[in-house]
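>>> Got a predicted model here, sequence first, then my questions.
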Amino acid sequence: MDLKIGDSFAKSRLVTDELIRAFAEISGDRNPIHLDDEFARTTQFGKRIAHGMLSGAFISAVLGYEFVERRVVYLSQTMKFVAPVFIDDTITTTSTVTKIRPDKGIVTLETVCTNQNGEPTLKGEAVVMILK
């Protein structure tokens, strides 16, 4: 394993109406806050927001493909949603190695999503196992 504490992996994605609608179809989560402009205008957000778990999927994508070790199995993930994600936000997902257990092939990473203004929208921690 060629990882070290502080190694970081990231990817940016534009959140679009099409992406939100596709996620709703795949997940079955058709909450009107995600899909109905009129309903969303009546909420404290004033407009539609993306599914929180869409950001979770962005983390999975970074760990599954951007992470230098492409032989990983997710063991756990915590997520705290700290700000909404809106249509046309560009979300950058960054995973940074914070702990390594080389004897077990287990790596802990800080996971953060930020919008185009550098504001965090999600903070969490992932634990993955590197397959032999």
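Good, I have the coordinates.

>>> which SS class is K80?
Following DSSP: H, G, I helix; E, B strand; the rest coil, the label given to K80 is strand.

>>> Can you name the residues bridging to it?
K123 (DSSP bridges).

>>> Please apply the same query to T96.
Applying DSSP bridges, one finds that T96 bridges with S8, E110.

>>> K4: neighbouring residues, count only.
8 (other C-beta atoms under 10 Å). Bear in mind the C-beta positions are built from the backbone N, C-alpha and C, glycine included.

>>> S60 now?
Close neighbours of S60, defined as other C-beta under 10 Å, add up to 16.

>>> For it, which non-adjacent residue is closest in space?
Y74 (7.1 Å; C-beta to C-beta, 6 or more residues apart in numbering).

>>> D2 now?
Once flanking residues are discounted, D2 sits nearest to V68: 6.8 Å by C-beta to C-beta, 6+ apart.

>>> Quick check: the gap between the one you found and H34.
Separation of V68 from H34 (C-beta to C-beta, to the nearest Å): 33 Å.

>>> do you know how far the residue nearest to S60 is from L35?
Distance, Y74 to L35, by C-beta to C-beta: 28 Å.

>>> Between the two, tell me which one has more neighbours.
Using other C-beta under 10 Å as the criterion, Y74 and L35 rank with L35 on top: 16 against 13.

>>> Pull the contacting residues for that one.
I20, R21, A24, R48 (C-beta atoms under 8 Å, 6 or more residues apart in numbering).

>>> Go ahead and build a PyMOL selection from the buried members of the residues you listed.
Burial among those is assessed by 16 or more other C-beta atoms under 10 Å; the matching PyMOL selection reads:
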select buried, resi 20+24+48
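
>>> now the strands: where do they sit in the chain?
8-14, 72-81, 90-101, 106-114, 120-130 (DSSP state E).
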